[in-house]
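> Requesting a structural model of the entry that follows:
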Amino acid sequence: MQQRLYRDLTPWYRLLDPPEDHAEEASSYRAAFERAALTPPRTLLDLGSGGGHNAYHLKRCFRCTLTDLSGDMLALSRELNPECEHIPGDLRTLRLGRTFDAVLVHDAVMYMTTVDDLLAAAATAFMHTRPGGAAIFAPDGLAETLREQTNFLETDSGGRALRGVEWKWDPDPNDTTFVVDYALLLRDGTSVKAVHDRHIEGLFPRTLWIRVLEQAGYRVESMQRPVGEGITDEIFLCKKP
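Numbers count the residues shown, from 1 in each chain. Below you'll find the model as predicted:
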């Protein structure tokens with residue numbers, strides 16, 4: 001079953017993750033795609049696009065096709081990006097029968113919790129990348145760098161407000177997953193409700209990521225992504241020969 005953030009809590013999603021927070025990272029994706037592609041990229045496939053927050057910035061430079069497993073999230077993205085093409089699909093099995101200059105696999109890749117899942121996602125991306133094009137895989141963390149972390153959440157928008165905690169932790173360091181727990185208080189007018197949403201996410205070492213992406217057929221290099229306050233993390237820029 002999909003996590004609640006992508007089902008019944010979707011109307012609250014933008015309070016948790018505002019589109020404007022993605023401007024800096026989207027700019028880094030655009031620059032990397034333009035640097036990597038043999039010819040100027042014009043089309044982009046966003047695999048696991050979620051609410052369309054990266055596309056909101058990238059559509060100024062690319063003709064974007066957005067795909068996601070959650071129909072609720074695609075509906076949210078259509079509100080923000082009505083000019084973009086939206087297609088429901090699982091990034092492990094999607095087959096559109098066409099290729100794109102650039103392919104973005106953002107944090108939806110974190111829901112690949114086995115090596116087989118990761119291999120399937122990489123194959124999907126490669127199949128949809130045109131020769132001479134590029135793909136970016138942007139996991140939220142690698143096994144070498146993940147640390148237990150607590151983030152406090154506070155957002156207000158009109159008559160609604162969100163307060164909460166995001167807690168990343170790893171109950172079993174010997175497997176390929178970790179846990180992200182959200183404990184949220186959601187206020188709409190004078191009504192407040194408390195919710196808990198647990199996300200089981202994949203966790204793999206850097207060497208495995210590179211091996212999987214190379215096995216798909218890409219030439220792989222690491223790149224630094226800005227994540228705010230002058231901090232960067234490592235993601236992967238992949239070129240298709």
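
> And the most far-flung residue of the chain relative to its centre, how close does it get to Ala23?
Here the centre of the chain is the reference, and by Cα atoms, centre = their mean the most remote residue is Thr190, at 33.1 Å. Separation of Thr190 from Ala23 (Cβ to Cβ, to the nearest Å): 34 Å. Quick note: C-beta positions are derived from backbone N, CA and C, even for glycine.

> same check, this time on Glu144
Counting by Cβ to Cβ, the gap from Glu144 to Ala23 is 28 Å.

> sorry, back to before: distance of the residue farthest from the centre of the chain from Arg14?
For Thr190, the distance to Arg14 equals 21 Å [Cβ to Cβ].

> Repeat that for Ala55.
From Ala55 to Arg14 the distance is 14 Å (Cβ to Cβ).

> swap in Arg63?
For Arg63 relative to Arg14 (Cβ to Cβ), the value is 24 Å.

> what's the answer for Phe33, then?
25 Å.

> the more surrounded of these two?
Neighbour totals were compared for Phe33 and Arg14, and Phe33 leads with 24 against 18 (other Cβ atoms under 10 Å).

> got a list of what that one touches?
Residues in contact with Phe33 (Cβ atoms under 8 Å, 6 or more residues apart in numbering) are Pro41, Leu44, Phe62, Asp101, Ala102, Ala134, Ile136.

> swap the cut-off to 7 Å and go again
When contacts are counted by Cβ atoms under 7 Å, 6 or more residues apart in numbering, Phe33 touches Pro41, Ala102, Ala134.

> Who wins on neighbours among these?
Highest neighbour count within the contacts of Phe33: Ala102, with 27 neighbours (other Cβ under 10 Å).

> Isn't that residue up against Leu47?
No - counting by Cβ atoms under 7 Å, Ala102 does not reach Leu47; the two are 11.1 Å apart.

> Could you pull out the helices in the chain for me?
If DSSP state H is used as the criterion, the helices of the chain fall at 13-16, 23-36, 53-58, 71-80, 115-128, 206-216.

> looking only at pLDDT, what's the mean for the fifth one?
Within the predicted structure, the mean pLDDT of helix 115-128 is 98.

> Kindly provide the distance from Leu91 to Ser27.
Distance, Leu91 to Ser27, by Cβ to Cβ: 23 Å.

> Comparing the two, which residue is more hemmed in?
Just comparing Leu91 and Ser27: by other Cβ under 10 Å the higher neighbour count belongs to Leu91, 25 against 14.

> ok, the more buried one - contacts?
By Cβ under 7 Å, 6+ apart, the contact list for Leu91 reads Leu47, Gly48, Thr67, Val105, Ala108, Ala121, Thr124.

> Against Leu118, how distant is it?
Counting by Cβ to Cβ - Leu91 and Leu118 are separated by 11 Å.

> what do you get for Lys168?
Taking Cβ to Cβ, one finds Lys168 at 19 Å from Leu118.

> Give me the more crowded residue out of those two.
Using other Cβ under 10 Å as the criterion, Lys168 and Leu118 rank with Leu118 on top: 25 against 18.

> what's the distance between Gly230 and Gln149?
Gly230 sits 17 Å away from Gln149, going by Cβ to Cβ.

> With neighbour numbers in mind, choose between these two.
Using other Cβ under 10 Å as the criterion, Gly230 and Gln149 rank with Gln149 on top: 11 against 6.

> Look up the closest residue to the more buried one, ignoring the ones flanking it.
Among residues not flanking Gln149 along the chain, Lys168 sits closest, at 4.6 Å (Cβ to Cβ, 6 or more residues apart in numbering).

> need the contact list for the one you found.
The contact partners of Lys168, by Cβ under 7 Å, 6+ apart, come to Glu148, Gln149, Phe178, Val180.

> Alright, calling it a day.
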